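Chemist: Would you be able to build a 3D model of this:
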Amino acid sequence: MSQRARVLLILAVAMTPLLVLAIALLWREAGAGEARIARERLGLARAAALATEAFVEGNLSVLESLASDLSPSDGADIEALPERLAGVVAANPEWQGFTVVGADGWNLASSATPANTVNTGDRPYFQDALATGESVVSAAIIGRLSGLPSIVFATPLDLPGGERGALTAHVPVAELAEGLRINLATQDARIVLVDQDGQTFVHPDEERVRLLTPAIGRPDVDAVLRGDAGTIVHDRDGVETLTAYAPVGNAGWGVLVLEPASTAFAPVQRALLQGLGLLALGALGVGLIGWYFSGRLSRSYDRLNATTREADEARADAEVARHKYMDLVDGVDAIVWEADARTFEFHYVSQRAERILGYPTRRWLSEPTFWADHIHADDREQAVNYCRACTLAGQDHSFEYRAIAADGGVVWLEDVVRVVRDPDGQPSLLRGVMIDVTERRRADDERARLLRAEQAARERAEEAVRGRDEFLSIASHELRNPVAGIKGTSELMKRFAERGTLTPEALIRYADTITRTSERLARLVEDLLDVTRLQGGRLTLRLDAVDIAALVRDTVAEQSAESGAPPIEVTGADEPCIAEADPDRIRQIVQNLAENAVKYSPGGQGVRVVVDRVAGQVTVSVHDQGIGLSEQGLGDIFQPFGRASNAAEANIPGMGLGLYICRRLAEAHGGSIDASSPGEGQGSTFVLSLPVTAAPPERVVTGSAAR
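Modeler: Coordinates of the predicted model:
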C-alpha cells in the first residue's frame with residue numbers, strides 16, 4: 001500500500017467517527033424538532049379546548065342569569081314569558097330559541113311561534129338539570145330547520161307553586177366552529193370537536209357534521225373522552241396523521257387537532273436533508289485536501305525513511321550493547337539500582353527486583369517514595385534515617401531491614417550503598433545492590449528460637465523439680481503427722497497396758513484418737529489418689545438424680561457433729577433441688593468446702609451455707625469470716641498444691657489438693673466452683689454451681705440415702 005493510500009485511509013478512519021457523530025446529532029435534532037412540533041399541536045388543541053370551554057361557560061352564565069331574571073312567581077307571569085323570551089332572542093340572535101319546560105317535560109312557554117309541543121321529559125339534559133340542580137350541556141343534535149348541529153343548554157328554574165322546571169336554550173355550534181377555524185386552525189391542521197357521546201359535531205367536512213358521525217372506538221377519541229391530553233401519531237386509512245387532543249372539562253367534550261404527519265414534519269425533514277448534504281460536501285472537501293497533502297507527505301516520507309534507516313542501524317547497535325549490559329546486571333542475584341542522593345527517587349532498578357519482591361520495575365521508577373513506603377513499618381524510620389545520615393556525610397554504607405513483598409510476605413534485604421559525588425564534592429547519586437538475606441535471617445531466628453525453647457524447657461524442668469520437692473516435703477509432713485499420732489497413741493496404750501493401768505475409759509479414748517487420725521490419713525491418701533485419677537483421666541462418676549438441698553443439709557449437719565465445731569447455719573435448703581450427679585462426690589465437695597470454712601475461721605465462728613436455685617442452676621454458697629484471700633491467692637488456691645500465702649503464715653496445715661480436686665469434680669459434673677473475697681482478713685465465699693434436671697420422685701436420692 002502506497003503512502004498516499006495510507007494517509008487517505010487514516011483520514012477516512014479519523015473522519016468516520018466525526019461523521020457518525022454529526023449524523024447522530026442531526027438525527028437527534030430531527031427527533032427534537034418533531035417533538036417540538038407535536039408539543040405545538042398539543043398547545044393548539046389545548047387552546048381550542050380553552051376557547052370551547054369559554055364558549056360553554058359564557059352561554060351557561062347567560063342562561064343562568066336569564067333564568068334568575070325570568071323566574072315566574074304566578075300564573076300571570078307564565079303567560080307573559082313567550083313575549084319576554086322572544087325579546088331575548090331578538091336581542092341575542094346567536095341563540096336559536098328559549099323554552100320553559102315544566103317538571104313533566106311539556107313546554108310551558110317558548111320563544112318560537114307557534115310553540116314547540118314536543119315533550120322533552122326523556123331528554124338526558126333535562127333529566128340531569130332537574131336531578132343535579134346544576135346547569136348542563138347536551139350532546140350535539142341536528143336542528144330540524146337548519147340541518148346543522150346545535151347544543152341545548154338547560155338550567156333549573158323555580159315555577160309557581162313550588163314546582164321545579166327548566167329553562168332550555170338551543171345554540172348552534174356553527175359560530176363556535178367558525179371561530180376555532182379562523183383563530184386556531186392552520187392551512188393543513190384541522191380542528192374537530194366530539195361531544196360526550198363520542199359524536200363528531202365540528203369538522204371541516206360538513207357532511208360528517210350533518211350526520212353527527214360517531215367516533216367512539218378510535219384511540220384518540222377514547223382518550224379525550226377519558227379526560228386525557230396528549231399527542232400521538234397514528235395511521236388511519238393509510239395516512240400517517242399527527243393527532244393532538246385535549247378535553248373540554250365543563251362539558252365532557254374533546255378537541256382533536258389533525259394534520260398529515262408528512263406536512264407537519266416537513267420542515268424537520270428538509271433541515272435533516274440539508275444537514276446531510278452539508279456533511280457530504282464537507283467530507284468531499286476533506287477528501288480532496290487529503291489527496292493533495294498526502295502526495296506531498298509521501299515524497300517527504302521517502303526522504304525521511306532513508307534517514308530513519310540509518311538511525312535504526314545506529315540504534316540497533318546501541319541496543320545490542322545495552323542488552324549485553326542488562327544481561328550482565330540481571331544475572332546478578334541481587335537488585336542493582338541507582339537513585340537520586342537528595343530525593344531517594346530511583347533512576348534505574350534491575351529486573352531481579354520483580355523476582356525478589358514481586359513489584360514491577362516501573363513502580364520503583366514512577367513512585368517517588370516507593371522504597372520507603374515498602375519498608376516494614378517497624379524498620380522504616382531507622383533505615384531511612386540511617387541511609388540519609390550516611391548520604392549527607394558522603395559515606396558508603398550497608399544496612400539490613402525488612403521489606404514487604406507484593407504477596408504480603410516479609411523479605412530481609414542487605415542494602416550495600418555507594419555514594420557518588422558531583423564535581424563540587426556534594427552527593428549526587430546513590431548506587432547499590434540489595435541482597436536477599438531472608439534465609440540467613442530465618443536461620444538466625446531459628447537458632448534463637450531453639451535457644452529460647454531450650455531455656456524454657458530447662459526452666460520448666462527446674463520448676464517441675466521444685467514442685468516435686470515441694471510436694472514431697474508437704475506430703476511427707478502431712479503424712480508424718482497422722483502416722484506419728486497413731487504411733488504415739490499406740491505406744492501409750494502399750495505402756496499403760498504393761499503397767500496394768502489402762503482403764504476401759506482410756507482405751508476408748510485412745511481408740512477414738514487412732515480412728516480419727518487413721519481417717520485423716522486415709523483422706524490424705526485418697527486425695528493423692530484422686531489427683532492421680534483426675535490428671536490421668538481415670539475418674540468415674542456414678543450419676544443419679546440427687547436432691548442437692550437435702551444432701552447439703554445432711555452433710556453439713558454430720559460435719560458439724562463430727563468436728564465438734566459450732567453448728568453451721570444452712571439456709572435455702574427447704575425445697576428440693578434435683579441434679580444429675582454422683583452423690584458421694586458431691587458430698588466430698590461440700591465436706592471439703594465446709595471443713596475449709598471452719599479451719600480458716602477463728603474458732604470456727606461465722607460459717608454459713610446458702611442453697612439457691614437460679615436460672616437452671618443450683619448453687620451452694622459457703623461463707624466464712626476467716627483469714628480471707630488476696631487477689632493473687634484467688635488465682636493460686638485452685639492449682640495442685642496451691643495455697644494462699646496467709647494460710648502458711650497462720651500455720652494452718654494442708655496439702656493444697658482439696659480445692660483443686662473439688663473444682664475438677666464440679667467440672668466433671670458440668671458445673672463450676674468460684675471463689676471471692678474482699679481481701680485478706682475479711683472472709684471468703686466459695687460457690688458450687690450445678691445444672692438442675694427434672695427427675696421422677698422415685699429416682700431422687702436424698703441426703704440420707706446418698707451413701
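Chemist: pLDDT score assigned to Trp364?
Modeler: Looking at Trp364, its pLDDT stands at 91.
Chemist: what's the answer for Trp95, then?
Modeler: With respect to pLDDT, Trp95 scores 78.
Chemist: Helix, strand or coil: sort out it for me.
Modeler: Applying DSSP: H, G, I helix; E, B strand; the rest coil to Trp95 yields a three-state assignment of coil.
Chemist: Contact partners for it?
Modeler: 88-89, 169-171 (CB atoms under 8 Å, 6 or more residues apart in numbering). For every residue, glycine as well, the C-beta is placed using N, CA and C.
Chemist: again, only this time at 6 Å
Modeler: Each residue near Trp95 by CB atoms under 6 Å, 6 or more residues apart in numbering is listed here: 89, 169, 171.
Chemist: quick one: buried residues of stretch 32-47?
Modeler: Within stretch 32-47, the residues that count as buried by 16 or more other CB atoms under 10 Å are 33-34, 37-38, 41-42, 44-47.
Chemist: what's the answer for stretch 272-289, then?
Modeler: For stretch 272-289, the neighbour count (16+ other CB under 10 Å) marks 272, 275, 286 as buried.
Chemist: Likewise for stretch 132-152?
Modeler: Residues 135-141, 148-152 are the ones in stretch 132-152 that count as buried (16+ other CB under 10 Å).
Chemist: and if you look at stretch 364-381?
Modeler: 364, 370-371, 374-375, 379-380.
Chemist: any low-confidence regions in the stretch 351-500 of the chain?
Modeler: Low-confidence segments of the stretch 351-500 of the chain (pLDDT under 70): 463-481.
Chemist: same question, the stretch 101-250 of the chain
Modeler: 113-117, 145-146, 182, 185-187, 236-238.
Chemist: re the thing from before, what about the contacts of Trp95, which one has the most neighbours?
Modeler: Ala169 (26 neighbours; other CB atoms under 10 Å).
Chemist: And Ala511, how far from Thr132?
Modeler: Remark: distance between Ala511 and Thr132 (CB to CB, to the nearest Å) = 124 Å.
Chemist: ranges for the strands of the stretch 401-550 of the chain?
Modeler: Under the criterion DSSP state E, counting those that start in this stretch, the stretch 401-550 of the chain carries strands at the ranges 410-421, 427-436, 544-547.
Chemist: same question, the stretch 151-300 of the chain
Modeler: In the stretch 151-300 of the chain, the strands defined using DSSP E, counting those that start in this stretch lie at 164-172, 190-194, 200-202, 230-236, 239-248, 253-260.
Chemist: So what's the residue count around the nearest residue to Gly670 once chain neighbours are set aside?
Modeler: Among residues not flanking Gly670 along the chain, Pro691 sits closest, at 5.4 Å (CB to CB, 6 or more residues apart in numbering). By other CB under 10 Å, 13 other residues sit near Pro691.
Chemist: Quick check: closest non-adjacent residue to Trp364.
Modeler: If the residues on either side of it in the chain are set aside, Trp364 comes closest to Val349, at 4.2 Å by CB to CB, 6+ apart.
Chemist: now that neighbour: how far from Glu338?
Modeler: Plainly put, Val349 is 8 Å away from Glu338 if you go by CB to CB.
Chemist: The two: which is more packed in?
Modeler: Of the pair Val349 and Glu338, Val349 is the one with more neighbours under other CB under 10 Å, namely 24 against 15.
Chemist: returning to what we had before: right, and out of the buried residues of stretch 32-47, which lies closest to Arg388?
Modeler: Nearest to Arg388 out of these is Gly33 (CB to CB; 69.8 Å).
Chemist: Figure out the helix or strand that the closest one lives in.
Modeler: Element membership for Gly33 (DSSP states H and E) is helix 3-70.
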